[in-house]
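S.K.: Need coordinates for the below:
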Amino acid sequence: MKYEELIKELCDVIKESEKNASLIYDNFESIQEHINTSSLLMKEKNKISGIISNSLGLLQHQDMHRQKIERVVNFVCEKNNIDKSQYNLADSAKTIDKNDCNDIVNDDELEALIKQMQQN
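M.R.: Okay, the predicted model is just below:
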């Protein structure tokens with residue numbers, strides 16, 4: 001698999017992930033509105049709202065993984081002189097102070113991930 005093919009596949013995953021996350025978020029907002037206007041007991045409303053809140057936390061966690069994939073794509077483009085503008089990706093977020101973050105992918109980890117993806 002060529003880098004360009006790998007990048008396109010990962011970009012498709014990123015875009016689908018963003019689309020699905022947006023739909024899920026919209027659905028949760030709609031459910032929350034229905035709960036607020038329903039005749040459920042407050043205890044039940046709070047229980048369902050808590051489940052929604054937990055689900056939104058999981059959705060946020062999933063978005064962090066999407067951002068990691070985005071960083072890999074940007075890294076591959078940068079290291080292989082590939083024009084990333086054709087993939088319509090924004091620049092990856094940069095960590096300002098590595099001491100404040102324990103979720104950093106270093107160059108060796110990125111290289112290993114790329115090699116692993118090429119084998120599949």
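
S.K.: helices and strands of this structure: which one bottoms out on pLDDT?
M.R.: When the helices and strands of the chain are scored by mean pLDDT, DSSP states H and E, helix 107-119 comes last with a mean of 70.

S.K.: Distance from the chain centre to stretch 13-22, please.
M.R.: Relative to the chain's own centre, stretch 13-22 is displaced by 8 Å; criterion: C-alpha atoms, centre = their mean, to the nearest Å.

S.K.: So which bits of the longest helix along the chain are buried?
M.R.: For the chain, the helix with the greatest residue count under DSSP state H is helix 42-79. For helix 42-79, the neighbour count (16 or more other C-beta atoms under 10 Å) marks 48, 52, 66, 68-77 as buried. (C-beta placed from N, C-alpha, C; glycine too.)

S.K.: Low-confidence ranges, this protein, go.
M.R.: Applying pLDDT under 70 to the chain picks out residues 90, 92-105, 114-120.

S.K.: From residue 19, how far out is the residue nearest to residue 84 when sequence neighbours are not counted?
M.R.: In space, and not counting its chain neighbours, residue 84 is closest to residue 77: 4.0 Å by C-beta to C-beta, 6 or more residues apart in numbering. Counting by C-beta to C-beta, to the nearest Å, the gap from residue 77 to residue 19 is 22 Å.

S.K.: Residue 26 too?
M.R.: Going from residue 26 to residue 19 by C-beta to C-beta gives 11 Å.

S.K.: what's the answer for residue 81, then?
M.R.: 30 Å.

S.K.: which one of those two has more residues nearby?
M.R.: Taking other C-beta atoms under 10 Å, residue 81 and residue 19 do not tie; residue 19 has more neighbours (10 against 6).

S.K.: Who are the packing partners of whichever strand or helix holds residue 29?
M.R.: Take DSSP states H and E as the rule and residue 29 turns out to sit in helix 3-37. With contacts taken as 3 or more C-beta pairs under 8 Å, 6 or more residues apart in numbering; DSSP states H and E, helix 3-37 sits against helix 42-79, helix 107-119.

S.K.: same for the longest one, what does it pack against?
M.R.: So the one you mean is helix 42-79. Identification of packing neighbours for helix 42-79 by 3+ C-beta pairs under 8 Å, 6+ apart yields helix 3-37, helix 107-119.
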